[in-house]
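> Just to be clear, the model below is a prediction. Sequence and coordinates:
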Amino acid sequence: MQVFIQTIVNGLTTGCLYALIALGYSMVYGVLKLLNFAHGDLYMVGAFVGYFVIQWFGGPMALSIPVPLLVLLMFAIAGVGVGLLGMAIERFAYRPLRDAPRIAPLITALGVSFILENSVLLLFGGFTRSYQTPSFIRFSSGIHIGALKVDSVQITIIVTSIVMMFGLQAIVNRTILGKSMRAVASDREAAEMLGIDVNRTIAFTFFIGSAMAGIAGVMSGLAFNQISNTIGFLAGLKAFTAAVVGGIGSIPGAMIGGIFIGMCESFSLSYISTQYSDLIVFGILIAVMLIKPTGIFGRPALQKV
C-alpha cells in the first residue's frame, strides 16, 4: 500500500509538470489553432534560467540569500524571461504566417524548436548540468510516514502547480483579457470587428503559456536535479500527449490530461518496467486518437457555412 501511495505521489508530481506545459499547448491551439512544438524547448530554457539564478546567488553550496527567496526569484525570473521569449517568438516567427496555410507555421514551430535547442548547445555546451538541489533543500524534509516519502520539493511542485492552474482558469473566466482570449479563440475576425486587439490578446496568450512552461522547467530542475539542452524534446512530446488526451484547446483538459499521463508513467515505472514507460505513454496517444480524437474535454470543431 505504501508503494502504491508513493507511486501516486510521484505520478502527481510529474503530472503537474506535464500539465503546466500542456496548458501552453492548449492555450495557443485554442487561440491560433497552432501546434507550437517549440513549447517544450521553452520549458528547457526555463530550467537553464533557474540554474543560472542559483549560480548568480553564490551557487548551491554557498547561497547568499534564503532558500525560499531563491525559489521565488527562480520562478519569477524564469516565468517573466521565458514569457517574454515566447512573445518574441510569436511576434517574429508566427505572426507573419498567421494567414498562411496551416503547414507553414507548423514547420516554423519545428524550426524554432531546433533553434532554441541548438542555441543553448552553442552557448552553454551539451553536457549535463546539476542543480545540486540536496545541497540547499533537504529531501529529508517533508512528509514521512513509514516508507512513504513526500519531500518538500514535491510538495512545492504540487501546490504551486495547482495554484497556477486554478489561477489561469480564473484569468480566462473572470478577466477582460480572458474574455478577449475566448472571443479570439471562437472567431478571430469577429473579435477584431468588435474592437478587441487581437495581436495584443495573442501576445499575452503566448506570454502566459510560455511563463508557465518556464516555471515548470525550474520545478523539473529542482525535482530531478539534472538539465541539458535536450530535456525539452521528450517533455514537450509528453505534454502534447497530455493536451491531446485531455482535449487540446481545453484548459481543464490539459490539467486532467497532464496528471493522467504522469500517473500512467509513474505506474508503468513502478509496476511494469522502466523500459516501457515511454511506449505506454505514446501508446495512449495513439489509442485516444483512434477512439476519441477530440480527447476527454475536447469538442468537434464547428464548420462555418
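Arrived safely, thanks for sending. Numbering: from 1, shown residues only.
> Find the helix or strand that the nearest residue to L285 once chain neighbours are set aside is a member of.
In space, and not counting its chain neighbours, L285 is closest to T241: 4.4 Å by C-beta to C-beta, 6 or more residues apart in numbering. Quick note: C-beta positions are derived from backbone N, CA and C, even for glycine. Here T241, judged by DSSP states H and E, is contained in helix 231-246.
> From the contact counts, what lies against that helix?
Contact partners of helix 231-246 among helices and strands, from 3 or more C-beta pairs under 8 Å, 6 or more residues apart in numbering; DSSP states H and E: helix 2-32, helix 39-56, helix 103-124, helix 198-224, helix 251-271, helix 277-291.
> What's the per-residue pLDDT of the residue nearest to L285 here?
You'll see T241 listed with a pLDDT of 93.
> Against C264, how distant is T7?
Distance, T7 to C264, using C-beta to C-beta, to the nearest Å: 11 Å.
> Who has more neighbours out of those two?
C264 (22 against 17; other C-beta atoms under 10 Å).
> dump the residue contacts of that one.
Neighbouring residues of C264 by C-beta atoms under 8 Å, 6 or more residues apart in numbering: G11, I280, V281, I284.
> For the residues you listed, which two are the farthest from each other?
For these, the farthest-apart pair by C-beta to C-beta is G11 and I284; their separation is 13.6 Å.
> Please report how far F207 lies from P60.
Remark: distance between F207 and P60 (C-beta to C-beta) = 30 Å.
> wait, I meant G111
Here G111 is placed at a distance of 35 Å from P60 (C-beta to C-beta).
> Compare these two (neighbour count), which wins?
P60 (18 against 13).
> on that earlier part again, let me have the helices and strands packed on helix 231-246 in JSON lines, extended by mean pLDDT.
Output for the helices and strands packed on helix 231-246, formatted as JSON lines (pLDDT from 0 to 100):
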{"stretch": "helix 2-32", "mean pLDDT": "90"}
{"stretch": "helix 39-56", "mean pLDDT": "96"}
{"stretch": "helix 103-124", "mean pLDDT": "94"}
{"stretch": "helix 198-224", "mean pLDDT": "95"}
{"stretch": "helix 251-271", "mean pLDDT": "91"}
{"stretch": "helix 277-291", "mean pLDDT": "89"}
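> Distance to V82 added to the ones you listed, as TSV?
Output for the helices and strands packed on helix 231-246, formatted as TSV (distance: least, C-beta to C-beta, whole Å):
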stretch	distance to V82
helix 2-32	10
helix 39-56	5
helix 103-124	10
helix 198-224	3
helix 251-271	18
helix 277-291	24
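> N173 is nearest to which of those helices?
Ranking those by their distance to N173 (criterion: C-beta to C-beta) puts helix 251-271 first, at 9.1 Å.
> Now do that closest one and helix 231-246, the angle between them.
Counting by axes from the mean of the first three to the mean of the last three C-alpha atoms, to 10 degrees, helix 251-271 lies at 110 degrees to helix 231-246.
> Tell me what angle helix 251-271 forms with helix 277-291.
Using the same axes, to 10 degrees: helix 251-271 against helix 277-291 is 140 degrees.
> got the CA coordinates for helix 251-271 in PDB?
Taking Å, rounded to 0.1, in the frame of the first residue of the first chain, the C-alpha atoms of helix 251-271 are listed here in PDB:
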ATOM      1  CA  ILE A 251      -7.700  24.200 -20.200                       C
ATOM      2  CA  PRO A 252      -9.400  21.700 -17.800                       C
ATOM      3  CA  GLY A 253      -8.500  19.000 -20.300                       C
ATOM      4  CA  ALA A 254      -4.800  20.000 -20.200                       C
ATOM      5  CA  MET A 255      -4.800  19.800 -16.400                       C
ATOM      6  CA  ILE A 256      -6.500  16.400 -16.300                       C
ATOM      7  CA  GLY A 257      -4.500  15.100 -19.200                       C
ATOM      8  CA  GLY A 258      -1.200  16.100 -17.700                       C
ATOM      9  CA  ILE A 259      -2.000  14.400 -14.400                       C
ATOM     10  CA  PHE A 260      -3.300  11.300 -16.200                       C
ATOM     11  CA  ILE A 261      -0.100  10.900 -18.300                       C
ATOM     12  CA  GLY A 262       2.000  11.500 -15.200                       C
ATOM     13  CA  MET A 263       0.100   8.700 -13.300                       C
ATOM     14  CA  CYS A 264       0.400   6.300 -16.300                       C
ATOM     15  CA  GLU A 265       4.200   6.900 -16.500                       C
ATOM     16  CA  SER A 266       4.600   6.500 -12.700                       C
ATOM     17  CA  PHE A 267       2.700   3.300 -12.500                       C
ATOM     18  CA  SER A 268       4.400   1.800 -15.500                       C
ATOM     19  CA  LEU A 269       7.800   2.600 -13.900                       C
ATOM     20  CA  SER A 270       6.800   1.100 -10.600                       C
ATOM     21  CA  TYR A 271       4.800  -2.000 -11.700                       C
END
